[in-house]
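Novice: got a sequence here, can you model it:
(one chain, ligands or ions: 2)
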Amino acid sequence: MVKICCIGAGYVGGPTMAVIALKCPSVEVVVVDISVSRITAWNSEQLPIYEPGLDEVVKQCRGKNLFFSVDVEKHVSEADIIFVSVNTPTKTQGLGAGKAADLTYWESAARMIADVSKSDKIVVEKSTVPVKTAEAIEKILTHNSKGIKFQILSNPEFLAEGTAIEDLFSPDRVLIGGRETPGGQKAIKALKAVYANWVPEERIICTNLWSAELSKLAANAFLAQRISSVNAMSALCEATGADVSQVAHAVGKDTRIGAKFLNASVGFGGSCFQKDILNLVYICECNGLPEVANYWKQVIKVNDYQKNRFVNRIVSSMFNTVSGKKIAVLGFAFKKDTGDTRETPAIDVCKGLIDDKAKLSIYDPQVTEEQIQRDLSLNKFDWDHPAHLQPLSPASKKDITVVWDAYEATKNAHAICILTEWDEFKNLDFQKIYNNMQKPAFLFDGRNVVNPQKLRDIGFVVYSIGKPLDPWIKDLPAVA
Ligand SMILES: NC(=O)c1ccc[n+]([C@@H]2O[C@H](COP(=O)([O-])OP(=O)(O)OC[C@H]3O[C@@H](n4cnc5c(N)ncnc54)[C@H](O)[C@@H]3O)[C@@H](O)[C@H]2O)c1
Ligand SMILES: O=c1ccn([C@@H]2O[C@H](COP(=O)(O)OP(=O)(O)O[C@H]3O[C@H](CO)[C@@H](O)[C@H](O)[C@H]3O)[C@@H](O)[C@H]2O)c(=O)[nH]1
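Specialist: Numbering: from 1, shown residues only. Ligands and ions are numbered 1, 2, ... in the order given. Reported below is the predicted structural model:
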């Protein structure tokens, strides 16, 4: 029986390994982590992450060929294939701070693998890493290996949160990079055999190590660039009376461009896009390519601009001050169908409003009060370090309340901000909400989920990203 061990039981390690276990009944899969609470949750009825369809997959295989354990060394030493799916956050200190990937967790995993291994192993990079990381990992492994042979493969993950199970069941592609040596090719074949249990052969792409590592960073950069492109257009739409949804539809009909990933928003969030682009920028700079670095940097700059622009719209529309005003924030997760808040634009928008002394009442169907308080207290980039390295009870913000109902959040509010596109926000009783709000009642839609005209008919002053402006807002000076 092939034994797989995955180091890192997070958003990638957990779902990915659960699907491998489901699709490969003859493979034993053990997911290990240094976080005791995370492993306890994986072994309980309340999984540590919310992901549609995940519970069913875990229920079907847990205890049969899928196990979660904190006994990291035992399972690593017994495995034939080791996936490493630990965090690779942005460095907060030292050389490359604010840009480069922090490989501390990866390096310590590699050293541990070298220390405990007693037989040959295939080590798979599942985490997103800078191009050429495999070379460094190889050095760590072989310098300590006592004659044991390690083959390093790059097998980046392309799942998106909220659709992880769907993406894993039916991936657009699986990418495997390895050394162009007989040993490297044999390792590629072994990993390919695992995926071939459910992924059609033509969707499994095999490349050299550096192409695989770089393709992951490139894919995220291209995806984020589409969002910054449409968001940049949204500002121009507001200035000219064009409607960004109509422009995106017309542009996306060109089959060379394609319709997906062209939704204008308050900005992209999530643990990957910003981190991976910053990392790409740093790699370009290190390779003496400042023009290329600046090109990609602009994708982040436009994203920051979009978040600032949204806050400025709110404040300027509400008589240039939100001091002491109750603002209801609907949605805090970085996208719908996840409870993940890493790099969510809601953090920047809420911080911007708090700076202007607003009182926030926040509702998200999947995010807890503790998480929201933590997110609004942490410094930039600290969020992506393992929970046990974060402050246990950060000082809670007094100007924030977190409630479990959109109607409660909006009661007596001066304004509503929609920051996540949860489906339930489309079907709220906005007449009831309007009746219970202060007047004029403002609604700022950062995700284009509501029909602005219907809400204007009720009496709301509505701002929707990239849409023709409400007469109320139109006459105000443009802000950026
Ligand atoms: N989240 C996504 O949607 C996604 C998608 C594709 C790729 N990625 C990449 O995958 C990697 C993991 O992302 P994630 O979202 O799963 O992160 P995560 O923070 O949810 O999970 C990482 C886990 O690794 C554990 N860990 C860290 N060091 C360890 C060690 N030495 N031994 C054992 N466990 C250790 C942490 O405790 C944590 O539980 C990152 O490189 C990320 O860029 C993420
Ligand atoms: O048209 C769009 C599409 C997305 N978003 C936002 O972009 C962010 C990222 O969304 P998405 O890409 O769907 O989720 P992630 O889970 O961050 O997935 C991305 O990052 C992962 C981690 O690297 C990759 O594996 C995935 O392929 C890649 O899509 C979210 O804030 C979305 O709301 C928009 O604003 N407009």
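Novice: near ligand 2, which residues of the stretch 201-350 of the chain?
Specialist: When proximity is defined as Cβ under 6 Å from any ligand atom, the stretch 201-350 of the chain approaches ligand 2 at 220, 223, 227, 261-263, 265, 268-270, 272-273, 334-335. C-beta here means a position set from N, CA and C on the backbone, and glycine is covered the same way.
Novice: from those, pick the one nearest Lys192.
Specialist: Nearest to Lys192 out of these is Asn220 (Cβ to Cβ; 23.5 Å).
Novice: hey, where'd the strands end up in this protein?
Specialist: Assigned by DSSP state E, the strands in the chain fall at 3-7, 28-32, 66-69, 81-84, 121-125, 150-154, 174-178, 204-208, 326-330, 359-363, 400-402, 415-418, 442-445, 461-464.
Novice: out of those strands, nearest to Ala101?
Specialist: Across the strands of the chain, closest to Ala101 is strand 121-125 (Cβ to Cβ), at 12.0 Å.
Novice: hang on, the earlier thing: need the strands of the chain in a markdown table with distance to Gly94, mean pLDDT and mean neighbour count, can you?
Specialist: Output for the strands of the chain, formatted as a markdown table (distance: least, Cβ to Cβ, whole Å; pLDDT from 0 to 100; neighbours: other Cβ atoms under 10 Å):
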| stretch | distance to Gly94 | mean pLDDT | mean neighbour count |
| --- | --- | --- | --- |
| strand 3-7 | 24 | 98 | 25 |
| strand 28-32 | 28 | 98 | 24 |
| strand 66-69 | 33 | 98 | 22 |
| strand 81-84 | 23 | 98 | 24 |
| strand 121-125 | 23 | 97 | 25 |
| strand 150-154 | 25 | 96 | 24 |
| strand 174-178 | 29 | 98 | 24 |
| strand 204-208 | 30 | 98 | 16 |
| strand 326-330 | 35 | 98 | 25 |
| strand 359-363 | 34 | 98 | 22 |
| strand 400-402 | 33 | 96 | 18 |
| strand 415-418 | 37 | 98 | 26 |
| strand 442-445 | 39 | 98 | 26 |
| strand 461-464 | 42 | 97 | 23 |
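Novice: ligand 1 is nearest to which of these?
Specialist: Closest to ligand 1 of those is strand 3-7 (Cβ to the nearest ligand atom; 4.7 Å).
Novice: got the angle between the closest one and strand 28-32?
Specialist: 20 degrees (axes from the mean of the first three to the mean of the last three Cα atoms, to 10 degrees).
Novice: distance to Ser316 for the strands of the chain - can I get that in TSV?
Specialist: What follows is the strands of the chain, written out as TSV (distance: least, Cβ to Cβ, whole Å):
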stretch	distance to Ser316
strand 3-7	49
strand 28-32	49
strand 66-69	50
strand 81-84	48
strand 121-125	47
strand 150-154	47
strand 174-178	46
strand 204-208	49
strand 326-330	14
strand 359-363	18
strand 400-402	22
strand 415-418	12
strand 442-445	11
strand 461-464	10
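Novice: is it possible to get CSV of those that adds distance to ligand 1?
Specialist: Below are the strands of the chain laid out as CSV (distance: least, Cβ to the nearest ligand atom, whole Å):
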stretch, distance to ligand 1
strand 3-7, 5
strand 28-32, 6
strand 66-69, 11
strand 81-84, 8
strand 121-125, 9
strand 150-154, 12
strand 174-178, 12
strand 204-208, 16
strand 326-330, 23
strand 359-363, 23
strand 400-402, 22
strand 415-418, 23
strand 442-445, 25
strand 461-464, 28
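Novice: so which of those gets nearest Asn287?
Specialist: strand 204-208 (17.5 Å).
Novice: what angle separates the closest one from strand 174-178?
Specialist: Using the same axes, to 10 degrees, the inter-axis angle of strand 204-208 relative to strand 174-178 is 30 degrees.
Novice: mind checking how far Asp80 is from ligand 2?
Specialist: Per Cβ to the nearest ligand atom, to the nearest Å, Asp80 is found 26 Å from ligand 2.
Novice: and for Gly183?
Specialist: Taking Cβ to the nearest ligand atom, one finds Gly183 at 28 Å from ligand 2.
Novice: how about that residue, nearest residue that isn't a chain neighbour?
Specialist: Leaving out its chain neighbours, the residue that sits closest to Gly183 by Cβ to Cβ, 6 or more residues apart in numbering is Gln151, at 5.6 Å.
Novice: next up, the contacts around whichever residue of the stretch 151-300 of the chain sits closest to ligand 1.
Specialist: Nearest to ligand 1 in the stretch 151-300 of the chain, going by Cβ to the nearest ligand atom, is Glu157, at a distance of 3.9 Å. Glu157 makes contact with 12, 16, 85, 126, 128, 216 under the criterion Cβ atoms under 8 Å, 6 or more residues apart in numbering.
Novice: in helices only, show me those residues.
Specialist: Taking DSSP state H as the definition of helices, the contacts of Glu157 contribute 16, 216.
Novice: for ligand 2, state which of the contacts of Glu157 is nearest.
Specialist: Using Cβ to the nearest ligand atom, those come closest to ligand 2 at Thr128, 5.6 Å.
Novice: tally of neighbours for the closest one?
Specialist: Thr128 sits with 24 neighbouring residues when counted by other Cβ atoms under 10 Å.
Novice: ditto for Gly98
Specialist: Neighbour count for Gly98, taken as other Cβ under 10 Å: 12.
Novice: and it, backbone torsions?
Specialist: Backbone geometry at Gly98, expressed as degrees, to the nearest 10, gives phi 80, psi 0.
Novice: that one and Tyr105, how far apart?
Specialist: Distance of Gly98 to Tyr105, given as Cβ to Cβ, to the nearest Å: 18 Å.
Novice: cool, and Pro52?
Specialist: Distance from Pro52 to Tyr105, by Cβ to Cβ: 28 Å.
Novice: so between the two, which is more surrounded?
Specialist: Set side by side, Pro52 and Tyr105 show more neighbours around Tyr105, with 20 against 13, by other Cβ under 10 Å.
Novice: what's the straight distance from one end of stretch 433-441 to the other?
Specialist: Using Cα to Cα, to the nearest Å, the end-to-end distance of stretch 433-441 comes to 10 Å.
Novice: ok, now stretch 146-161?
Specialist: By Cα to Cα, one end of stretch 146-161 lies 40 Å from the other end.
Novice: can that stretch be found next to ligand 2?
Specialist: Yes. Contact of stretch 146-161 with ligand 2 (Cβ under 6 Å from any ligand atom) involves 157-161.
Novice: many thanks, we can stop here.
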